[in-house]
Every structure is written in structure tokens, then in C-alpha cells.
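Trainee: Dropping a prediction and its sequence here:
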Amino acid sequence: MSDLRLTRIWDLPTRLFHWCLVLLVAAAWGTAELGDNLMDYHKLAGYGILALVMFRLAWGICGSETSRFAGFVRGPRSALAYLQAVKRGHASPYPGHNPLGGWMVAALLALLFLQAGTGLFANDDIMTEGPLKHWVSDETSSLLTGIHETNFYVLLGLVAVHVSAILFYRFFKGEDLVRPMLTGNKPLPPGTPEPKMAPIWLAALIMAGSSATVWGIVAYL
């Protein structure tokens with residue numbers, strides 16, 4: 001560690017997105033399991049997740065260097081080559097997401113978008129239904145409800161893989177991936193270029209737009 005220096009790799013918006021998403025997914029899971037009078041809170045958590053995912057998709061295009069998809073979503077060859085390097089113990093450190101981590105982020109965002117999106121049309125055949133249920137037939141709503149329920153278990157499995165990877169890096173490679181997502185800083189070799197950070201006001205503007213879009217969908221469609 002003595003030859004490494006702390007380098008800012010994660011901006012505040014990305015870190016806030018990450019931890020708010022963790023909290024909202026946990027809330028959505030808990031309220032769905034308990035059900036009954038908590039389904040209104042379940043829907044609110046879903047709206048929050050959708051707004052966050054929309055923000056992250058936009059931030060992945062115009063956000064900070066390590067947050068942009070172009071910076072960490074690489075081709076399958078790069079991911080396989082990195083996996084082989086990990087097996088040999090010769091994997092080079094990445095300032096942000098490594099090639100495997102990049103695919104994990106993309107998959108999680110896709111599943112979360114599918115989960116929140118299908119929830120808008122879902123129903124429980126009792127008293128709770130998504131705000132856009134009236135836009136589709138009962139058969140389509142039932143189909144989307146089934147996807148919503150099944151996709152959650154797929155999402156849960158991917159989250160388990162994600163957590164397992166974090167534990168693997170922590171205990172077998174000696175690399176702490178959690179602390180950088182809390183502080184924004186990561187120990188890297190001297191001379192590693194510091195990623196360019198996008199302005200906070202841009203993130204606030206995008207988040208406001210994402211939230212307003214979700215609110216408009218729920219309130220007016």
C-alpha cells in the first residue's frame with residue numbers, strides 16, 4: 001500500500017445513486033414480502049428505482065469519466081481476457097469498473113429497468129395495480145406481472161453474484177471495493193491519471209428530469 005496513492009475515482013452522484021438504489025431495492029423487497037397495507041410504499045420504492053435507473057442511464061452517457069458506459073463496458077474478449085488474468089493472478093487494477101464489473105453493472109441496470117417498468121403495468125388480482133395497468137388488457141397485465149415476479153428472482157441472483165464478487169476481491173485479492181464507493185477514493189499506482197469528473201449541477205439537473213418524468217408517467221398517463 002505504501003507505493004499507492006489515493007485517487008478520486010467515483011463522483012458523489014454515482015455514490016449516492018449506488019447507496020440509494022441499495023436502500024430502495026431493499027425497501028421494495030421488504031414491502032412486497034410483507035404486503036397488505038405496505039403495497040403503496042412498494043410502489044413508491046419502485047418509482048424511486050425507476051427514476052434512479054433513468055438517471056444512471058443518462059449519467060452513463062454524459063457523467064464523469066469512470067461513470068460513463070464507454071469507459072467500462074467493453075467487448076466479450078476483454079471480459080474473458082480479464083477473467084483469465086484474474087485466474088492467473090495477473091489482473092491489472094482498473095481505476096473504475098473492470099471489464100467483468102462493467103458487464104455486471106449493465107446487467108443489473110437492465111434488470112432493474114425491466115423490474116420497475118413491468119411494475120407499472122402489474123396487478124395482484126386483489127386491490128393493488130400499477131399506475132399504467134389501464135393502458136393494457138388484463139391478459140397483458142397478467143403477463144407483465146409474471147415477468148415482474150420472475151425477474152425479481154433473477155435480479156436477486158445477480159445481486160448475490162455481485163456481492164460474492166465483492167467478497168472475493170476483498171478476501172482473496174486484498175482489494176476493497178466498498179470503501180471507494182463510500183469515500184470516492186481508491187489506492188492506485190502513482191502516475192495513474194485521475195478521471196475527469198462531471199459537475200454536480202449536471203447530475204442534479206438529470207436527476208430532477210428523471211424524477212419529473214417518472215412523476216409525469218404516474219400522475220398523468
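Mentor: Looks like it arrived, so ask away. In this text the structure is predicted, and so the values were computed from the model without any measurement.
Trainee: what are the ranges of the strands in this protein?
Mentor: With DSSP state E as the criterion, the chain has strands at 5-8, 185-188.
Trainee: So which of the ones you listed has the densest surroundings on average?
Mentor: Most buried of the strands of the chain, by mean neighbour count (mean count of other CB atoms under 10 Å): strand 185-188, with a mean of 18. To be clear about C-beta, it is placed using only N, CA and C from the backbone, and glycine gets the same treatment.
Trainee: and residue 38, how far is that from residue 27?
Mentor: Spatial separation of residue 38 from residue 27 under the definition CB to CB, to the nearest Å is 9 Å.
Trainee: dump the residue contacts of the nearest residue to residue 176 once chain neighbours are set aside.
Mentor: Distances taken as CB to CB, 6 or more residues apart in numbering place residue 170 nearest to residue 176, at 5.8 Å, with adjacent residues excluded. The neighbourhood of residue 170, defined by CB atoms under 8 Å, 6 or more residues apart in numbering, consists of 176, 177, 178.
Trainee: which of those tops the neighbour count?
Mentor: Neighbour counts for those (other CB atoms under 10 Å) peak at residue 177, which has 17 neighbours.
Trainee: Provide a list of residues in contact with that residue.
Mentor: Under the criterion of CB under 8 Å, 6+ apart, the neighbours of residue 177 are 166, 169, 170.
Trainee: Switch those residues over to TSV; also include distance to residue 43.
Mentor: As requested, these are arranged in TSV below (distance: CB to CB, whole Å):
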residue	distance to residue 43
166	30
169	35
170	35
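Trainee: What pLDDT does the model give residue 86?
Mentor: Looking at residue 86, its pLDDT is 79.
Trainee: Settle this for me: residue 151 is touching residue 118, isn't it.
Mentor: Yes - using CB atoms under 8 Å as the test, residue 151 is close enough to residue 118 to be in contact (6.8 Å).
Trainee: More neighbours: which of the two?
Mentor: Shown here are residue 151 and residue 118; by other CB under 10 Å, residue 118 has more neighbours (22 against 17).
Trainee: Provide a list of residues in contact with that one.
Mentor: Applying CB under 8 Å, 6+ apart to residue 118 gives the contacts 144, 145, 147, 148, 151.
Trainee: Any idea how many residues pack against the fourth one?
Mentor: Residue 148 sits with 22 neighbouring residues when counted by other CB under 10 Å.
Trainee: What distance do you get for it to residue 216?
Mentor: Residue 148 is 22 Å from residue 216, by CB to CB.
Trainee: Same check on the third one?
Mentor: Distance of residue 147 to residue 216, computed by CB to CB: 24 Å.
Trainee: okay, these two: which has more neighbours?
Mentor: More neighbours sit around residue 147 than around the other of residue 147 and residue 216, counting by other CB under 10 Å; the figures are 18 against 10.
Trainee: List the contacts of that one.
Mentor: So residue 147 contacts 114, 118 (CB under 8 Å, 6+ apart).
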